[in-house]
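Asks: need a 3D model of the sequence below.
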Amino acid sequence: MEYLLKARHVAPTYGGSTPIAPEREDHLIIEEPPEIFHSGHVHVNGYVTYRGTLLVNSGAWQSQTDYQKKLGLMPTPCKVPIVNLQNMHLAELDFLSI
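Replies: Numbering: from 1, shown residues only. Coordinates of the predicted model:
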């Protein structure tokens with residue numbers, strides 16, 4: 001996610017344009033840095049601030065699969081990030097511990 005903000009593009013490629021859609025304008029450029037950048041599906045929760053932008057990866061609900069075990073990936077399932085939009089503080093609700 002940091003790399004995407006550094007590249008200022010949500011689908012960067014090296015040395016050329018990104019021919020995703022035949023448009024005159026590239027709509028995947030990040031013109032203004034967002035206050036929050038959220039991503040998911042990596043199966044591991046993570047939160048960090050990069051140059052004033054809160055980066056949030058919310059992980060997934062699925063526990064470790066046999067394939068993930070083979071790869072050495074330890075997911076953090078059932079954790080929900082909650083962001084207070086007034087002060088940008090993040091809390092995490094862990095549904096496995098309820």
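
Asks: can you list the domains in this structure?
Replies: As given by automatic domain parsing, the domain ranges for the chain are 1-32, 34-98.

Asks: I'd like the average pLDDT over the first one.
Replies: It refers to domain 1-32. Averaged over domain 1-32, pLDDT sits at 80.

Asks: sorry, back to before: any chance of the domains of the chain in JSON lines, plus mean neighbour count?
Replies: All C-beta spots, glycine's among them, are computed from the backbone N, C-alpha and C. Shown next, in JSON lines, are the domains of the chain (neighbours: other C-beta atoms under 10 Å):
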{"stretch": "domain 1-32", "mean neighbour count": "11"}
{"stretch": "domain 34-98", "mean neighbour count": "13"}
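
Asks: can you give me the end-to-end span of stretch 37-56?
Replies: End-to-end distance of stretch 37-56: 6 Å, with C-alpha to C-alpha, to the nearest Å as the criterion.
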